[in-house]
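Undergrad: Give me a 3D structure for the following:
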Amino acid sequence: MIDYLRWHYGMAYRDLTRVWLNYMWFVAHFFSLGILLKTLFAPYKRMKEKNKKGLDLGAIGEMIAVNTVMRLVGFVLRITVLAVGVSILLLIVILGLIMYPIWTILPIILIALLLISVLGWDMLTRL
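TA: Residues are numbered from 1 along each chain as shown. Now for the predicted structure:
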């Protein structure tokens, strides 16, 4: 029993922290949060019009319009994916912070549930 408590209140916290950090690392890399931030204003799928030779104002205006639309589409899609990824990352952070107090009182909860199952709820309320 002493070994279990030593593990539960010692090594297990380190292991829980490692698992929690692995979940955060996975979400950050699954959604490519760093890459999305670096390429936030890049054109969608690198689609863009190239400048044609000559001084054709219509072609230049068309090129600017297409490139602006592609950048806006890329921006909207990247912001959407970033929002989902950051939301899931925040959820994992919150759940991880909730996990520590629950892990701390888990042995007490298990003993209480065991007593309830053996003695019954009525018997415990009379104590």
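Undergrad: in stretch 85-101, what counts as buried?
TA: G85, I88, L89, I92, G96 (16 or more other Cβ atoms under 10 Å). For the C-beta atoms, the positions are set from N, CA and C on the backbone; glycine is no exception.
Undergrad: Point to the residue nearest the middle of this protein.
TA: For the chain, L89 is the residue whose C-alpha lies nearest the centre (Cα atoms, centre = their mean; 2.0 Å).
Undergrad: Wait, that one touches M24, no?
TA: Yes: L89 lies in contact with M24 (Cβ atoms under 8 Å); the separation is 6.2 Å.
Undergrad: Narrow the buried residues of stretch 85-101 to those in helices?
TA: Within the buried residues of stretch 85-101, residues falling in helices by DSSP state H are G85, I88, L89, I92, G96.
Undergrad: in the chain, which helix or strand is least confident?
TA: Every helix and strand of the chain was ranked by mean pLDDT, DSSP states H and E. The lowest is helix 121-126, at a mean of 72.
Undergrad: show me what contacts Y23?
TA: I92, G96 (Cβ atoms under 8 Å, 6 or more residues apart in numbering).
Undergrad: Name the helix or strand for it, please.
TA: If you go by DSSP states H and E, Y23 is part of helix 12-30.
Undergrad: Which of the three states applies to L82?
TA: Put simply, L82 is helix when judged by DSSP: H, G, I helix; E, B strand; the rest coil.
Undergrad: which residues sit in contact with it?
TA: Counting by Cβ under 8 Å, 6+ apart, L82 touches F31, L33, L36, L37, L40.
Undergrad: If we use 6 Å, what do you get?
TA: Listed by Cβ atoms under 6 Å, 6 or more residues apart in numbering, the contact partners of L82 are L36.
Undergrad: how much space between it and L114?
TA: Distance of L82 to L114, computed by Cβ to Cβ, to the nearest Å: 46 Å.
Undergrad: S32 too?
TA: Note on S32: its distance to L114, by Cβ to Cβ, is 46 Å.
Undergrad: quick one: which of these two has more around it?
TA: S32 (15 against 10; other Cβ atoms under 10 Å).
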